[in-house]
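Student: Next one to model:
(chains A and B)
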Amino acid sequence: MIELAGLTKRYGDKVAVDRLTFAVRPGIVTGFLGPNGAGKSTTMRMILGLDHPTAGDVRIDGRHYAQLTDPLTYIGALLDAKAVHGGRSAYNHLLCLAQSNGIPKRRVAEVLDTVGLTAVARKKAKGFSLGMGQRLGIAGALLGDPRILMFDEPVNGLDPEGIHWIRNLMKSLAAQGRTVFVSSHLMSEMALTADHLVVIGQGRLLADTSMPDFIRENSRSYVRISSPQRERLLDVLHEAGITVVEAGGGVLEVDGGKAEQIGELAARHGIVLHELSPQQASLEEAFMQLTAESVEYHAHADPGAAAREWGTGWKGA
Amino acid sequence: MTAVQIIRSEWTKIRSVASTVWTLSLAVVVTVALGMLISALSRNQFDSMPVRDRLAFDPTFVSFAGMSLGQLAMIVFGVLVVSNEYSTGMIRVSLAAVPRRATFLFSKIAVAAALALAVGMCMSFAAFFLGQAMLGPHAARIGDPGVLRAVLGGGLYMTLIAVFSMGVAAMLRSPMLSLGILMPFFFLISNILGNVDATKKIGRFLPDQAGSRIMRVVPGLGDDTPYGPWGGLGIMVLWVIAALAGGYLLLRRRDAQ
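Tutor: Just a heads-up that it's a prediction; the model follows:
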């Protein structure tokens, strides 16, 4: 369990993280989503006690990071795959981390095997590809067999096989009852792995919701219609009490899943349809709309307004 | 989390990078080889020296002549041990593993200092004995008054130079910046300040000028240095403490990057 309470980080005038309050719970994968520069990495660094918060508090299982005895056995993190001394071998990199936290030496071989780096364990890290670097970073996170795992953009630079591997790894870690907190700037990636979503933009909390709720509330479904007898169709739909939006190019859109009803109406009135297709707005669009609003709100004077309004603003969009 | 764990970890770090081996061996080779060369030259020129130079001839100190150059490699060692963490980004991984800043920094420095001490002592004894062999009839013996103190002092001096560099690197973080300040300072500026009359009085309180006093057995003629060999080393220790304190305070205050 990771708990943030009003966590804030300011660099001069710029607010990187703005009063974040949320909890990351065990047993599920929690996605930490936001556009680049939203403050995800800064938040994660504060969780690990690397950056000092300007205000607020963050606790790991009720304690501050610096109070943890052998912290790698509580929380393992991959922040930056390149944060390795290039002249040191993968084995020695993990060995020095293990020794610092009293983790037995055999764990080094175990995690190297888990991430598939056993064959290059004695090779210097500077020869590693980005994907191998990510795997080494993940090995470091798993080293202490921690109950909490945190990954910052773990799929960056990975090939499809590696991405697939990381997704499965995160799901299996959560299935073992661990807390898994993973950041991404890709909604599509989160939709595949996360059970719960925390969305931030401009350092502010925009959403803290379960993945199914997010999908339900944000994926707008509608019906696309085009017809040579557009005016007649509009009249018929209007009489039936169906609201129509003109989408441009002669295309009409009707909210909700009413394709059958519209088809039957058109047939009854003898109207020719060239297109009648149910559509689903992507989660990516919903996410972009959500974070775009955070940018827009940013210009307003009252910072509380953004927090109050996002709930209504994006649900209706 | 015990200090033993962290020290073991830091030892793994220091022994697993190539820069440790090449900086320390370079320091030994340069110091000993240059010391031997200068000793051999001094032997040949001894008879043509003016009397006052012959009276002040300090065979022990002559055999340490290579240290002024060898210490530069020791500075590189000290700087790299600390700044490697920053230049590679490893600092974030290291501090996530060892969140207590004091434990982290001082364990690292303890390990590096112990290694520098071991190498520095070997270097100092090697430079002395090989240098004396080159000096032939003008050689000092290890049992002569003050000689053992000077030789042990040479090892301590090299260790303190390395630790001072670690403290400076902890403050500045960047290896290029640290070396760019320390190398010219110890190779040029300190010498200039110590030899120009106007600045001599200040120059001799600089870490290397004060610390190297311990390696002299025969003080120069008209030597009016206001401190003795151990006093000089004490001044150097104060510099080292100041550098380490600065490094620690900045590490504690700054975000890890």
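Student: hmm, who's touching the host helix or strand of A:Asn92?
Tutor: Using DSSP states H and E, A:Asn92 sits within helix A:90-100. By C-beta atoms under 8 Å, 6 or more residues apart in numbering or on different chains, the list of residues contacting helix A:90-100 from outside reads A:72, A:84-85, A:88, A:103-105, A:107-108, A:111-112, A:117, A:120-123, A:125, A:128, A:136, A:139-140, A:143-144, B:1, B:5-6, B:8-10, B:12-13, B:16, B:93-94, B:97-98. Placement of C-beta: from N, CA and C, glycine included.
Student: Tell me the residues on chain B that lie near chain A, please.
Tutor: If contacts are counted using C-beta under 8 Å from any C-beta of the partner chain, the residues of chain B sitting beside chain A are B:1-2, B:5-6, B:8-10, B:12-13, B:16-19, B:84, B:88-100, B:253, B:255-257.
Student: Mark which of these are part of helices, please.
Tutor: When DSSP state H defines the helices, the subset of the residues of chain B next to chain A inside them is B:5-6, B:8-10, B:12-13, B:18-19, B:84, B:88, B:90-97, B:253.
Student: List buried residues within these.
Tutor: Using 16 or more other C-beta atoms under 10 Å in any protein chain shown as the burial test, those include B:5-6, B:8-10, B:12-13, B:19, B:84, B:88, B:90-97 as buried.
Student: separation between A:Leu48 and chain B?
Tutor: When C-beta to the nearest C-beta, to the nearest Å is applied, the distance between A:Leu48 and chain B equals 5 Å.
Student: How much space separates the nearest residue to that residue once chain neighbours are set aside from A:Gly140?
Tutor: Distance criterion C-beta to C-beta, 6 or more residues apart in numbering or on different chains; nearest residue to A:Leu48, sequence neighbours excluded, is B:Ala96 at 4.8 Å. Applying C-beta to C-beta, to the nearest Å, the value for B:Ala96 to A:Gly140 is 9 Å.
Student: Mind listing what's buried along stretch B:210-229?
Tutor: The neighbour-count check on stretch B:210-229 (16+ other C-beta under 10 Å) flags B:210-219, B:225, B:229 as buried.
Student: roughly how far is stretch B:15-23 from the heart of the chain?
Tutor: 17 Å (C-alpha atoms, centre = their mean, to the nearest Å).
Student: Can you give me the domain boundaries for chain A?
Tutor: In the domain annotation for chain A, the residue ranges read A:2-216, A:221-280 (automatic domain parsing).
Student: Quick one: mean pLDDT for the last one?
Tutor: In this model, domain A:221-280 has an average pLDDT of 87.
Student: cool, the longest one as well?
Tutor: With pLDDT averaged residue by residue, domain A:2-216 scores 93.
Student: And the residue of the stretch 51-200 of chain B found nearest chain A, how far from B:Lys108?
Tutor: When distances are taken as C-beta to the nearest C-beta, the stretch 51-200 of chain B reaches nearest to chain A at B:Gly89, 3.6 Å away. Summarising the geometry, the distance separating B:Gly89 from B:Lys108, computed by C-beta to C-beta, is 16 Å.
Student: more crowded one of the two?
Tutor: Residue environment comparison for B:Gly89 versus B:Lys108 gives the larger neighbour count to B:Lys108, 24 against 18, counting by other C-beta atoms under 10 Å in any protein chain shown.
Student: Can you name the helix or strand that the more buried one falls in?
Tutor: Short version: B:Lys108 belongs to helix B:101-135, going by DSSP H and E.
Student: ok so A:Val254 is a strand residue?
Tutor: Yes. When the secondary structure is assigned by DSSP: H, G, I helix; E, B strand; the rest coil, A:Val254 falls within a strand.
Student: thinking again about what came up before, turn the domains of chain A into CSV, including mean neighbour count and distance to B:Met134.
Tutor: Rendered in CSV, the data for the domains of chain A read as follows (neighbours: other C-beta atoms under 10 Å in any protein chain shown; distance: least, C-beta to C-beta, whole Å):
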stretch, mean neighbour count, distance to B:Met134
domain A:2-216, 19, 37
domain A:221-280, 14, 87
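Student: closest one to B:Leu80 among those domains?
Tutor: Taking C-beta to C-beta as the criterion, B:Leu80 comes closest to domain A:2-216 out of the domains of chain A, the separation being 10.2 Å.
Student: Straight-line length of that closest one, end to end?
Tutor: Between the opening and closing residues of domain A:2-216 there is a gap of 26 Å (C-alpha to C-alpha, to the nearest Å).
Student: And stretch A:216-223, by the same measure?
Tutor: In stretch A:216-223, first residue to last residue: 17 Å (C-alpha to C-alpha).
Student: Need the contact partners of that stretch.
Tutor: Surrounding stretch A:216-223, the residues in contact under the criterion C-beta under 8 Å, 6+ apart are A:209, A:253-259, A:262, A:276-283, A:286-287, A:290, A:314-315, A:317.
Student: Tell me which of those fall in strands.
Tutor: Judged by DSSP state E, those include A:209, A:253-255, A:276-280 as members of strands.
Student: Widest-spaced pair of those residues?
Tutor: Using C-beta to C-beta, the two most remote members of the ones in strands among the contacts of stretch A:216-223 are A:Thr209 and A:Leu276, lying 32.7 Å apart.
Student: For B:Leu37, see how far away B:Ser48 is.
Tutor: The value you get for B:Ser48 to B:Leu37, if C-beta to C-beta is used, is 18 Å.
Student: A:Gly157 against A:Phe128, yeah?
Tutor: No. Under the criterion of C-beta atoms under 8 Å, A:Gly157 lies out of contact with A:Phe128, with a separation of 11.3 Å.
Student: What lies in contact with stretch A:56-64?
Tutor: Residues from elsewhere that reach stretch A:56-64 (C-beta under 8 Å, 6+ apart): A:1-8, A:19-21, A:46-47, A:49, A:65, A:68, A:74-75, A:147-148.
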